[in-house]
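Visitor: Starting from these lines, generate the structure:
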Amino acid sequence: MSSIKPNSVTMGWLDIWPHRTLIINLAKREVLSRYRGSWLGVLWSIINPVLLLLVYMFVFGVIFQARWPQSTGVDENFAALLFSGLVVYIYFSEQLTSAPSLILRHENFVKKVVFPINTLAWVSVLSSLFHFVLSLMVLFLFVAIWGNGLSLSVIALIPLYFIFTVQLVAMVWFVSALGVFIRDAVYIASFLSTALFFLSPIFYPIEAVPASFAKVMQINPLSFYIESTREIVVLGNWPSGNGMLIAGLVAILSYIAAGVFFDRVKSGFADVM
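Guide: Numbers count the residues shown, from 1 in each chain. This is a model prediction of the structure:
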């Protein structure tokens, strides 16, 4: 069992910084282990998003000749508009679907080794962040060459994705803890991931949704990050300041609440594993 005892409600989220070197090293190992034994290794992190973007360009641009709903002269960027939403969704979905089994996959850390298990969420999210950033680089290159070009607004992605990453860590803490005690969590997470793929504004903007459903979609935490990425990267606009403030507050509160919850229940992990 981990030697870190739940003697403080802040321990689950304030004790991360002292373990930053451990988190970075484990995240690197996780990234490299994904491609161990493959011929091209980490290059697949770049090849995959490039191939995916080319497929979108061919299917939606050549075969379907698709138009972006309620477009205003940006149809030539349909692949970029679509891809910008998809990369955000993939970053989120990888964590949602893997979180229920995160602690279970590292049973040796819980039972046999003195290890700060609250860091596993950060390790998981940062390893996905690596692939997310590479996919963004592909999107940047595409927009710079074939789109309207990149604008100064791309610097807004730094605070946007910092907030998003904090939100994802909170989600992983909560879902991974539930996954230890409720084994059905993996099936619930899989269903939610699939549902959010269609209920998030990936293939369409929120403006194209009937007004009666638009407010419901705005409750979806992914909507703000997908729409903001699209606005910043593809359309060259700045994100909503109020939206950033609200997202930041939600992320902070979620992070604290999930950290407290994880810290309170982690002492029981070893008993049920």
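Visitor: which regions of the stretch 51-200 of the chain lie under the pLDDT threshold?
Guide: Scanning the stretch 51-200 of the chain with the threshold set as pLDDT under 70 gives 61, 64-67, 69-76, 112-113.
Visitor: pretty sure Thr164 is touching Ser228, no?
Guide: Check again: residue 164 is Phe, not Thr. No: here Phe164 lies out of contact with Ser228, judged by CB atoms under 8 Å, at a distance of 9.3 Å. Every residue, glycine included, has its C-beta placed from N, CA and C.
Visitor: helices and strands around the helix or strand harbouring Ser84, which ones?
Guide: Ser84 belongs to helix 78-98 when assigned by DSSP states H and E. With contacts taken as 3 or more CB pairs under 8 Å, 6 or more residues apart in numbering; DSSP states H and E, helix 78-98 sits against helix 44-56, helix 120-146, helix 157-181, helix 185-199, helix 221-229.
Visitor: how big is the angle separating the first one from helix 78-98?
Guide: Here helix 44-56 points in a direction 130 degrees away from that of helix 78-98 (axes from the mean of the first three to the mean of the last three CA atoms, to 10 degrees).
Visitor: and what of the last one?
Guide: Put simply, helix 221-229 runs at 150 degrees to helix 78-98, going by the same axes, to 10 degrees.
Visitor: Now tell me what touches helix 221-229 from outside.
Guide: The contact list for helix 221-229 (CB atoms under 8 Å, 6 or more residues apart in numbering) reads 84-85, 87-89, 92, 156-157, 160, 164, 167, 196, 200-202, 205-206, 217-218, 239-240, 243-244, 247, 250.
Visitor: what angle separates that helix from helix 185-199?
Guide: 40 degrees.
Visitor: Give the buried residues for the very next helix or strand once past helix 221-229.
Guide: On the C-terminal side of helix 221-229, the closest following helix or strand by DSSP H and E is helix 241-265. Judged by neighbour count using 16 or more other CB atoms under 10 Å, the buried positions of helix 241-265 are 243-244, 247-248, 250-251, 254-256, 258-263, 265.
Visitor: same check, this time on stretch 118-135
Guide: Applying 16+ other CB under 10 Å to stretch 118-135 flags 118-132, 134-135 as buried.
Visitor: List the neighbours of that stretch that are in contact with it.
Guide: 4, 11-13, 15-16, 19, 22-24, 26-27, 30-31, 34, 45-46, 49, 87, 90-91, 94-95, 98-99, 102-103, 106, 109, 161, 165, 168-169, 172-173, 176, 259, 262-263, 266.
Visitor: Put the alpha carbons of that stretch into PDB.
Guide: Output in PDB follows, covering the C-alpha atoms of stretch 118-135 (Å, rounded to 0.1, in the frame of the first residue of the first chain):
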ATOM      1  CA  ASN A 118      -1.900  10.300  -6.900                       C
ATOM      2  CA  THR A 119       0.700  11.100  -9.600                       C
ATOM      3  CA  LEU A 120      -0.600   8.400 -12.000                       C
ATOM      4  CA  ALA A 121      -3.300  10.700 -13.300                       C
ATOM      5  CA  TRP A 122      -0.700  13.300 -14.200                       C
ATOM      6  CA  VAL A 123       1.500  10.600 -15.900                       C
ATOM      7  CA  SER A 124      -1.500   9.400 -18.000                       C
ATOM      8  CA  VAL A 125      -2.600  12.900 -19.000                       C
ATOM      9  CA  LEU A 126       0.900  14.100 -19.900                       C
ATOM     10  CA  SER A 127       1.600  11.100 -22.100                       C
ATOM     11  CA  SER A 128      -1.600  11.900 -24.000                       C
ATOM     12  CA  LEU A 129      -0.700  15.500 -24.100                       C
ATOM     13  CA  PHE A 130       2.500  14.600 -26.000                       C
ATOM     14  CA  HIS A 131       0.500  13.100 -28.800                       C
ATOM     15  CA  PHE A 132      -2.100  15.900 -28.600                       C
ATOM     16  CA  VAL A 133       0.600  18.500 -29.200                       C
ATOM     17  CA  LEU A 134       2.000  16.700 -32.200                       C
ATOM     18  CA  SER A 135      -1.500  16.500 -33.700                       C
END
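Visitor: Distance from that stretch to the middle of the chain?
Guide: 8 Å (CA atoms, centre = their mean, to the nearest Å).
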